[in-house]
Each structure stands twice: as C-alpha cells, then as structure tokens.
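1. Okay, here's the prediction I keep looking at, along with the sequence it came from:
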Amino acid sequence: MTTKIFWLARSGLGIGTATAALCLAILPLRHSSAAAAAGVHPGPMSRTDAFARAETLTALGRKIFFDPSLSASGLQACASCHDPSHAFGPASAKPVEVGGEHMDRPGLRAVPTLRYLQAVPSFTEHYYDSEDEGDESVDNGPTGGLTWDGRVDHGADQAKLPLLSPFEMGNKDAAEVAAKLRRAPYARDIEAAFGATVFDNPQEAFDAAVEALGTFEQSGPDFYPYSSRYDAFLVGKATLTARELHGRQLFEDPAKGNCSSCHLSEPANDGEPPQFSDFGFLGLAAPRNMAIPANTDPGYHDLGLCGPQRTDLAGHSDYCGLFRTPTLRNVALKKSFFHNGYFHSLRDVVSFYATRDSDPGRWYPKNSDGKVRKYDDLPQAYWDNLNQDPPFGRKPGDASALTDPEIDDIVAFLGTLTDADLLLEASGH
C-alpha cells in the first residue's frame, strides 16, 4: 500500500488523493467475493466512491487506533506509544515501552514515529533510485520497508505487529482481537464498512481492522502535513535565520555533516517535499543501552536487518548491525534517539556523528585497563558493516568533523523541521 501511495504522489496525482487511490486499489478485491457470490462483477470504483470509502476507513481506523480495550491489559492503545502530540511517536524518554497482559513486558526497540511513512517503498535488497543523478544503475543496497528492520511493507501489516506482540498489546491471535472488536462500540461501523457478516470469520474481522488502521495511518492531515517552517521556506513563504541557514549548509556539506547523503533535504525532481530519509539501511554503532532489559544478557545483540526480530535475512552477515534510516521531520521533539533509545539529546546525537571515531572514549565504556570498548553493541565480526563515510572514518585523536558552534547550528536547522500543529501543541495553543 505504501508503494502505491508513493507512486501516486510522485506521479502528480498529489498526496491528498493518495488515500482515496489506495482504496481504489484495494476495494474491488474486498468487494469481489460478495459480488462473485451474487454472480455480478462490481467493476472499478468511481473517484467519488473511492474518496468516500477512504473517509469511512479513516474514521474507523481512528477509533481503533485510540481504543485501549483491544489490548490484553485493557490499558494500551496504538496511541499509547504513538502519541499524536509527539508526531505519533512516544511521549516518554524511555528507550523502550512496556506492554503485555499485565503491562510489565518491556520491548526490545525504541518506538518510531508513524508520521511521514507514506513514501517508504517496499523492502528490497537492491534499490535503484531513478533520481540518483539520472543514473539508474546505482545499487543503493537494502532499502525500504516499515519498522527499524523493514520486515513489513504495508501499513496494515505493520498494524498487526503491536496487536499480536507479547510485549505490546499482547493478544494471542487474530481471533482474540476480533472478539474484542465485536464488543467495541464501533462494531456496527465495521459491519457497515466491511459487510454484515464480517464477524462470522475472525480472520476477516481482524484483517478489516488492520486495513482501517493502515488507511488512517495514511491520512494526510494527521500523518504527512508538510507544514514545517522549512517546508514554507522551500516555497518562499518563510525565512530561516542565519544560524539555521548555516546549519542547513553544514547538514548538506559532504565534508562536514554529510547528513543529507541519507536524510534527503532537497525537494524531489517533481517538487515533492523532501522526506529527510532515503529509507536505506546503515550501521552506526550506537552505544549499547543497558536501560533495555534484554541488553543485560551479554549474549543478546539487536542486529537489525539480520535479526533477531527479522528472521528471513539471518544468514546475511553483511546486513548485521544495519537499521533503516528514519525521517528527521519533527526530530527536535524526540526524547530518545536511535533504535535503542540510547541518546536523549539531539545535540548529543549530532556530536556522536561528528566524534564517534575521533573521540570514541566520549561515547563508549572502558575496560578495567582503560581501553575503550568501542562499538560495544555490535560484535567485532560485523564491524566492517559500519558506515565510514564522513563525518565517520576518522582516527582517535583526529579533529572533530564539526566544531561545537557548527553542531549547534545543525541542531538549530533541525528545529525548522517541526510541523506547525506540533509547535502549537508544544506552546499550549
């Protein structure tokens, strides 16, 4: 579904029509079984019907998203971890959230934002970007997919994960979710949208719910408003300060921050606003976060693409330690950073990039003999997978790629990426 929306947005139909077009793609399949039983082929939906269907599923998905009764504890909704006032990310600074039947099961990774996922392409091991300076032969490697390890491609599939995860909403299977949906105050809405017999088959009811969630999570005003001051600046409707402009220059300078090599900051060739991610996978070697209970086991390592949560690429040692590049939109509002939530300051994140290799003792623990245990959350067998492009790749004792004032300027620029509605939330208006 996300790739369908991505294509529509990029081909000039506009992001506002993407959700309706998504339903246009899905609904004939949904309706075809009933039509076939009646011996009638329904044909394609009209544009008007597609928009109406999108609005119906968006409204239904919103109700499901905020419903804590769908969890085993009765206390946790999707919105509990994906707070709308925090860019549909966590409101807390905890590295992982806690869930399960008794709300005592810690997660394994930091909760990512759900905003600006509409353009994420389906996962592929070999991504060829047609906008890569006109050269479609450049293999950008593993790219796309949702979650930190890209293991699902569509919003509906992503929505299944927390509903069934033992350390999130904690349902044992689709039937348990369907039973709760049947008792929900919006059960009649589900029947109206998917047919009066939808609850006769628990799997069908479950699939209906996650389809509605996936549609809601593609709704423009909530999930991709493109309303930041930087968006306004790009179309000549706002200005940036001298510090912010300098921060942008450093962000894009391949010899300095080099951030835009992965966090794309310029509009696409067709004028689509930048996503601030290329959706690729990188090894950055964030320090091991001992605040995550799983990390108290010295034999446990979260290796991203090659496991343990993703299993189909377990044999690809060259993928170990790689995680998908998140968008930097609304990054100034985040309270924890990286897949393990190790950092709690945006300035520290930029400083880590600038000095990971030139001053590793600043970030990694030391052994009793004083030797720095660099890259302490990644077994040495996979160190060759780590990104060494600037500002990385320096030797201990080298000068930092960025001075302290330059780091401050990049942080100031990143502050321009906050959406307008979230600025209003933060100001209390």
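-> Great, that's in hand. What you are looking at is a predicted structure, and each value in this text was computed from that prediction instead of being measured.

2. Tell me where this structure has strands.
-> 98-99, 105-106, 281-282, 323-324 (DSSP state E).

3. isn't residue 390 right up against residue 401?
-> Yes - with contact defined as CB atoms under 8 Å, residue 390 counts as touching residue 401 (6.2 Å). Placement of C-beta: from N, CA and C, glycine included.

4. Now do the domain split for the chain, please.
-> As given by automatic domain parsing, the domain ranges for the chain are 2-223, 229-427.

5. Dump those domains into TSV; add mean neighbour count and mean pLDDT as well.
-> Formatted as TSV, the domains of the chain follow (neighbours: other CB atoms under 10 Å; pLDDT from 0 to 100):
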stretch	mean neighbour count	mean pLDDT
domain 2-223	18	83
domain 229-427	18	96
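
6. related to what we said a few turns ago, now for residue 390 and residue 401: what residues contact both?
-> residue 256 (CB atoms under 8 Å, 6 or more residues apart in numbering).

7. any idea how far residue 149 is from residue 158?
-> 12 Å (CB to CB, to the nearest Å).

8. same question but for residue 251, I mixed them up
-> 26 Å.

9. try residue 312
-> Counting by CB to CB - residue 312 and residue 149 are separated by 10 Å.

10. Tell me where this protein has helices.
-> With DSSP state H, the ranges of helices along the chain come out as 2-10, 18-37, 47-65, 78-81, 155-164, 174-183, 187-194, 202-216, 220-223, 229-234, 242-252, 346-355, 404-414, 420-427.

11. and of these, who's closest to residue 381?
-> Residue 381 lies closest, by CB to CB, to one member of these: helix 346-355, at 22.8 Å.

12. Contacts only, for the nearest residue to residue 103 once chain neighbours are set aside.
-> The shortest distance from residue 103 to any non-neighbouring residue, by CB to CB, 6 or more residues apart in numbering, is to residue 73 (5.0 Å). By CB under 8 Å, 6+ apart, the residues touching residue 73 are 99, 100, 101, 102, 103, 169, 170.

13. Verify the contact between the first one and residue 165 for me.
-> This points to residue 99. Yes - at 7.3 Å, residue 99 and residue 165 qualify as touching, with contact defined as CB under 8 Å.

14. list residues touching both of those two?
-> In contact with both residue 99 and residue 165: no residue, using CB under 8 Å, 6+ apart.

15. Tell me who's in contact with the closest residue in space to residue 375 that isn't next to it in sequence.
-> With sequence-adjacent residues excluded and distances taken as CB to CB, 6+ apart, residue 375 is closest to residue 285, at 4.3 Å. Contacts for residue 285 (CB under 8 Å, 6+ apart) come out as 321, 356, 374, 375, 377, 378, 386.

16. Tabulate the residues you listed (JSON lines), appending distance to residue 86.
-> Output for these, formatted as JSON lines (distance: CB to CB, whole Å):
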{"residue": "321", "distance to residue 86": "28"}
{"residue": "356", "distance to residue 86": "27"}
{"residue": "374", "distance to residue 86": "32"}
{"residue": "375", "distance to residue 86": "30"}
{"residue": "377", "distance to residue 86": "25"}
{"residue": "378", "distance to residue 86": "29"}
{"residue": "386", "distance to residue 86": "30"}
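
17. which one of those residues is nearest residue 414?
-> residue 356 (18.2 Å).

18. for that closest one, what are its contacts?
-> 284, 285, 363, 392.

19. Ok, residue 167 next?
-> Residue 167 neighbours (CB under 8 Å, 6+ apart): 98, 99, 100, 105, 106, 107, 108.

20. let's go with 10 Å and repeat that
-> 96, 97, 98, 99, 100, 104, 105, 106, 107, 108, 294 (CB atoms under 10 Å, 6 or more residues apart in numbering).
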